[in-house]
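> Quick check, what structure comes out for this input:
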Amino acid sequence: MAIDPREKIALFIDGANLYATSKAVGIDIDYRKLLTEFSAKAYLLRANYYTALVEDQEYSSIRPLIDWLDYNGYTVVTKPAKEFTDALGRRKIKGNMDIELTVDALEQSPYYDHLILFSGDGDFTALVAALQRKGKRVTVVSTLATSTPMISDDLRRQADFFLDVAELARTVGRPQVQKPAEA
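Predicted coordinates:
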């Protein structure tokens, strides 16, 4: 990956997307190592992590991660997820953070040279193009290593650089924790 050590970089992590991508690749992300990895490459200005939370649950499995990130160098941006019932009567949860991530990336763009976007969501193609028009370099982190690519072709083509999570896993990944089978 081409990061100039003189650059100011910002990590923008679409939490749900990175979670799905890392699971598809078969790894867990070590978020401490992730900060260390990018801090070693350039001046790490900010690391933002975006996720929606289901508010009414007594315990959310993501809460310990959110708390850890918040205390360990990440700026965590959350909003309540919306719960609804679809036409077939299935309970669905919607928690898209694309707008929040996009607005923050554009507002903070005067302060960084290179955005590292952890998402394969094609909706971010317009954001990448807008940042490039402002003279910013953009690396997109997702994967092509799964049977169905986790990254939109348009987003990958628009980005200046592509970093595969499968490649990144060598330095910031750890095997997924397997839950014991219930007897």
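
> Next, name the residue at the spatial heart of this protein.
Ile13 (2.6 Å; C-alpha atoms, centre = their mean).

> got a list of what it touches?
47-50, 74, 118-119 (C-beta atoms under 8 Å, 6 or more residues apart in numbering). No exception for glycine: its C-beta is placed from N, CA and C like everyone else's.

> Show me which of those is closest to Asn17.
Ser119 (4.3 Å; C-beta to C-beta).

> Report the beta-bridge partners for the closest residue to the closest one other than its chain neighbours.
Once flanking residues are discounted, Ser119 sits nearest to Asp14: 3.6 Å by C-beta to C-beta, 6 or more residues apart in numbering. Taking DSSP bridges as the rule, Asp14 bridges to Tyr50.

> about what we covered before: which members of the contacts of Ile13 are the farthest-apart pair?
Tyr74 and Ser119 (15.6 Å).

> Between those two, which is the more surrounded one?
Ser119 (27 against 20; other C-beta atoms under 10 Å).

> For the more buried one, give its distance to Asn72.
21 Å (C-beta to C-beta, to the nearest Å).

> low-scoring stretches of this protein, by residue?
1, 56-60, 176-183 (pLDDT under 70).

> how close does the residue nearest to the centre of the chain get to Thr85?
Look at Ile13 and Thr85: by C-beta to C-beta, they are 30 Å apart.

> ok so, going back, check contacts around the residue nearest to Ser119.
Contacts of Asp14 (C-beta under 8 Å, 6+ apart): 50, 97-98, 101, 117-119, 121, 124.

> Could you give the number of residues near Arg91?
Arg91 has 8 nearby residues by other C-beta under 10 Å.

> Now do the same contact list for it.
83-85.

> So which of the residues you listed is the closest to Arg174?
After measuring the contacts of Arg91 against Arg174 - C-beta to C-beta - the closest member comes out as Glu83, at 31.9 Å.

> PyMOL command for the buried members of the contacts of Ile13?
Selecting only the buried entries of the contacts of Ile13 in PyMOL, with 16 or more other C-beta atoms under 10 Å as the criterion:
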select buried, resi 47+48+49+50+74+118+119
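
> What segments of this protein are strands?
Under the criterion DSSP state E, strands of the chain are mapped to 8-14, 27-29, 43-53, 75-80, 82-85, 91-94, 114-118, 137-142, 161-164, 173-175.

> May I have the residues that are in contact with the nearest residue to Thr51 once chain neighbours are set aside?
Distances taken as C-beta to C-beta, 6+ apart put Gly15 closest to Thr51, at 3.5 Å, once the chain neighbours are dropped. Taking C-beta under 8 Å, 6+ apart, we find Gly15 in contact with 49-51, 62, 97.

> just Ile9 next, same as before
3, 38, 41-45, 112-116.

> rerun that using 7 Å as the cut-off
Counting by C-beta atoms under 7 Å, 6 or more residues apart in numbering, Ile9 touches 3, 38, 42-45, 112-114, 116.
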